[in-house]
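Engineer: need coordinates for the following:
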Amino acid sequence: MLRKLLLAAALITAPLMASNAAAEPLKPIRVILVGDSTMTERAGYGTGFCAQFKPEVTCINKARGGRSSKSYRVEGLWDEVLTLINDKGNFAETYVLIQFGHNDGSHRPERRTDIRTEFPVNIRNYTVDVKKAGATPVLVTPLTQRHFKNFKLQNDLLPWAQLTRLIARTSDVTLIDLYAEGQAKVQEMGIAKSLELGGGPVPENVYEGITTGTTVPAIFTDASQQADNSRQGFDYTHTGPEGSKYFGKMVVDLWVKADPAIAPYVKN
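Structural biologist: Predicted coordinates:
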């Protein structure tokens with residue numbers, strides 16, 4: 001009899017407890033983006049990413065165009081981020097998303113890093129610094145480029161993606177594998193659809209690649225095809241508004257999959 005009474009009481013109180021838990025307000029958190037141009041608001045997915053969150057999330061974009069894992073630190077940009085992290089404010093948690101690779105293979109010496117030594121050391125040091133500052137590092141593999149050859153998407157940034165995965169795995173850091181997901185989805189959509197993800201307008205000669213299966217360098221024949229300073233021009237690396245929305249949502253979805261604790265902070 002006593003067992004039946006206890007069971008009945010549990011059945012009555014369980015929905016109430018669940019309701020109270022659901023009604024508990026979200027604690028404010030902060031998300032800081034650190035990376036290159038493909039993460040920025042103008043030329044990358046930064047705007048689309050930040051738009052995915054509820055008001056309890058303060059999204060700060062500190063990504064900068066043309067930076068590598070070396071130059072971002074050398075130029076003092078990383079010191080600015082650390083100062084920001086150390087100002088705890090009223091945030092329950094600060095997450096720092098770190099994504100490099102596009103410029104680490106540059107021929108410019110101020111950007112270039114040795115992929116066997118410098119790049120992995122740089123990325124690991126970023127995660128160490130974030131942890132020491134009391135925040136949570138999240139590593140992001142590079143955004144895929146959208147170059148096709150014979151209808152196959154090129155795997156240009158694979159070495160940097162692989163090293164980022166390795167560092168995340170061996171450093172007990174959450175990984176957002178944007179490169180793997182982006183490669184799969186862009187290959188699936190093909191050249192024609194992928195052109196919608198870049199800046200604009202798209203030069204006429206670029207459409208030649210749709211039928212041949214191989215993307216061609218963009219040729220801007222007149223001023224009307226050039227982008228002004230307020231928007232990103234077309235190329236196969238950076239994103240326009242549609243690309244920002246598409247890849248921004250992709251990053252958030254992958255993050256939620258890797259860390260379900262983020263899910264309550266995402267809209268819808």
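Engineer: how about the helices of the stretch 151-268 of the chain, start to end?
Structural biologist: With helices called from DSSP state H, counting those that start in this stretch, the stretch 151-268 of the chain shows them at 158-170, 178-194, 208-212, 241-258.
Engineer: mean pLDDT lowest where, among the ones you listed?
Structural biologist: Of all these, the minimum mean pLDDT falls on helix 208-212 (a mean of 94).
Engineer: returning to that earlier point: quick one, which of the helices of the stretch 151-268 of the chain is nearest to Thr117?
Structural biologist: Closest to Thr117 of these, according to C-beta to C-beta: helix 158-170, at 10.7 Å. Quick note: C-beta positions are derived from backbone N, CA and C, even for glycine.
Engineer: quick revisit: including distance to Gln52 and mean neighbour count, could the helices of the stretch 151-268 of the chain go into a markdown table?
Structural biologist: Listed next are these as a markdown table, based on distance: least, C-beta to C-beta, whole Å; neighbours: other C-beta atoms under 10 Å:
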| stretch | distance to Gln52 | mean neighbour count |
| --- | --- | --- |
| helix 158-170 | 21 | 18 |
| helix 178-194 | 14 | 18 |
| helix 208-212 | 31 | 14 |
| helix 241-258 | 4 | 20 |
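Engineer: which of those helices sits closest to Glu41?
Structural biologist: So among the helices of the stretch 151-268 of the chain, helix 241-258 is nearest, using C-beta to C-beta, at 8.0 Å.
Engineer: what's that closest one packed up against?
Structural biologist: Where contact means 3 or more C-beta pairs under 8 Å, 6 or more residues apart in numbering; DSSP states H and E, helix 241-258 is packed against helix 46-50, strand 174-176, helix 178-194.
Engineer: of all these, which lies closest to Pro142?
Structural biologist: Checked against C-beta to C-beta, the stretch from those lying closest is helix 178-194, at 5.3 Å.
Engineer: from what I can see Arg169 touches Leu175, true?
Structural biologist: Yes: Arg169 lies in contact with Leu175 (C-beta atoms under 8 Å); the separation is 7.3 Å.
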